[in-house]
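Asker: No sequence on hand, only this structure:
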């Protein structure tokens, strides 16, 4: 007799699924008999297979109805990354499965019915039959699914799939060779900023790449003790540098392609060994720089490489150095700043000095107020300016230190304006500062488009008096800038803490780049 609770809706199913998984996850598996542990493992594998089918079905329907556009995303993959909090690789895998609901319906039906032992079996079958002509694929899926249902293991399934492919392509003797559709190259960034390159090259591409690497990887004399792999790596970097330097690449976002490198100040300056500022500041800036590099490896950045030590020294030798100073709020001086402002408010015509001309009829003129000892209005103004600088310079005074030009001529050079009022375009100085600050698209709903693929958007439009300044500019990708904001009427604002909020025309939808405020209680 079946004692399982009846499921009458998707909500009921999700509630029971969550409850069952929560129980199994919290149970002490070490206290279970091995037979029960085995049953759990087999059942969970089949549940994972059915979960794959259910997710694929829902995602395919969600994609067809363009449900992602309700949250301001431009595709199902982007929506998965920002709303379900999965990695890019997982989002790609999920969307691949959703497409298989159309290309491999028999396999997906078998997954949903529990007729296949695991998701990995279904993935292998789809990979094998995906190589076949379209008119042969469905029959091949039916044969392989039936064989798997009867207990055929994976090696035998692979042999059967190979035989089916050979019979479906009798006039193509090299059908098992590399196909042009299978070409791919992936470059990923690790937590430490290094790159991982992997791919499947077509024969033509492999020949060209090999010829270039061979030409640039020849040993540089008897002292060149690099391995073959190391020389190939250096040859690849050399080839890319030559291509960029030659100016042969197409522009991106209206700008020439340039390789950007993030190097923290410690590796760019020769500070005095006995400097107190160096001792106090170097440790903090290294930690903050490492944190920014790690965040860029997962959250996206302006496409620049993050270097330190000898690598930074080598890259900076023939690079244009653009110093960017970020203020760090020193909250300890805020009270002093407020006190000076209050004192200044007590000065001026009609307060500490008699007001010129006749007094207003309706409001009495306050009597003169005494100046604090040793203070004039001018000295109060200077004190307020000084405290404002200290507030934004941070406790270590880095910005003030840079302004005093104590870092030597190495970082010298003409200043670049960060606030120029009205302009028909965004000058390079402001564009570079916005890219360094934002690093990737700042759309409130989340977007991983890097700075190199983004445009600079005026938060307050130039037609409404918005200035071309660092404070009024923000980095937005083409879709969220031209489509969501300028076509669909969304509004984007940057909050005081650097987070962003966006809403649609009628404010029925609000997106935040941060968590909403906690509810009382």
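Answerer: It's in. Everything quoted here is computed from the prediction, not taken from an experiment.

Asker: Relative to residue 66, how far out is residue 159?
Answerer: Separation of residue 159 from residue 66 (CB to CB, to the nearest Å) stands at 42 Å. C-betas here are computed from N, CA, C, even on glycine.

Asker: Next: residue 339.
Answerer: 56 Å.

Asker: How about residue 217?
Answerer: Applying CB to CB to residue 217 and residue 66 gives a distance of 48 Å.

Asker: Of these two, give the one with the bigger neighbour count.
Answerer: residue 217 (20 against 12; other CB atoms under 10 Å).

Asker: quick one, what contacts that one?
Answerer: 228, 231-232, 234-235 (CB atoms under 8 Å, 6 or more residues apart in numbering).

Asker: now do residue 13
Answerer: residue 7.

Asker: Okay, it and residue 198: tell me how far apart.
Answerer: Counting by CB to CB, the separation of residue 13 from residue 198 is 39 Å.

Asker: What about the contacts of residue 217, which are in helices?
Answerer: Per DSSP state H, helices hold the following members of those: 228, 231-232, 234-235.

Asker: out of those residues, which are buried?
Answerer: 231-232, 235 (16 or more other CB atoms under 10 Å).

Asker: Next secondary structure after the lowest-mean-pLDDT helix or strand in the chain?
Answerer: Every helix and strand of the chain was ranked by mean pLDDT, DSSP states H and E. The lowest is helix 398-403, at a mean of 50. Next along the chain after helix 398-403, taking DSSP states H and E as the criterion, comes helix 428-438.

Asker: Remind me what that next one packs against, helices and strands.
Answerer: Using 3 or more CB pairs under 8 Å, 6 or more residues apart in numbering; DSSP states H and E, the elements in contact with helix 428-438 are strand 454-458, strand 473-477.

Asker: Single out the most deeply packed of those strands.
Answerer: Mean neighbours per residue, mean count of other CB atoms under 10 Å, is largest over the helices and strands packed on helix 428-438 for strand 473-477, with a mean of 24.

Asker: Which helix or strand lies directly C-terminal to that strand?
Answerer: Strand 473-477 is succeeded, C-terminally, by helix 478 (DSSP H and E).

Asker: quick check: mean pLDDT across that following helix?
Answerer: On average, the pLDDT along helix 478 is 79.

Asker: Could you spell out the sheet neighbours of the helix or strand that that helix is followed by, each with its direction?
Answerer: Downstream of helix 478, the first helix or strand assigned by DSSP H and E is strand 491-494. For strand 491-494, the paired strands and their directions (DSSP bridges) are strand 500-503 (antiparallel).

Asker: Mind listing what's buried along the next helix or strand after the partner strand?
Answerer: Downstream of strand 500-503, the first helix or strand assigned by DSSP H and E is strand 510-512. With burial defined by 16+ other CB under 10 Å, the residues of strand 510-512 counted as buried are 511-512.

Asker: Let me see the residues that make contact with strand 510-512.
Answerer: Contacts of strand 510-512 (CB under 8 Å, 6+ apart): 71-72, 443-445, 499-503.

Asker: same thing but 10 Å
Answerer: With CB atoms under 10 Å, 6 or more residues apart in numbering as the test, strand 510-512 has contacts from 71-73, 82, 443-446, 484, 490, 492, 495, 499-504, 516.

Asker: From these, list the buried ones, please.
Answerer: Buried, going by 16+ other CB under 10 Å: 72-73, 82, 443-446, 484, 490, 492, 500, 502-504, out of those.

Asker: want to try a markdown table for the residues you listed, with pLDDT and distance to residue 40 as columns?
Answerer: Output for those, formatted as a markdown table (pLDDT from 0 to 100; distance: CB to CB, whole Å):
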| residue | pLDDT | distance to residue 40 |
| --- | --- | --- |
| 72 | 86 | 41 |
| 73 | 87 | 37 |
| 82 | 89 | 33 |
| 443 | 91 | 42 |
| 444 | 90 | 42 |
| 445 | 87 | 38 |
| 446 | 86 | 36 |
| 484 | 83 | 46 |
| 490 | 90 | 47 |
| 492 | 93 | 48 |
| 500 | 91 | 44 |
| 502 | 92 | 44 |
| 503 | 91 | 46 |
| 504 | 90 | 46 |
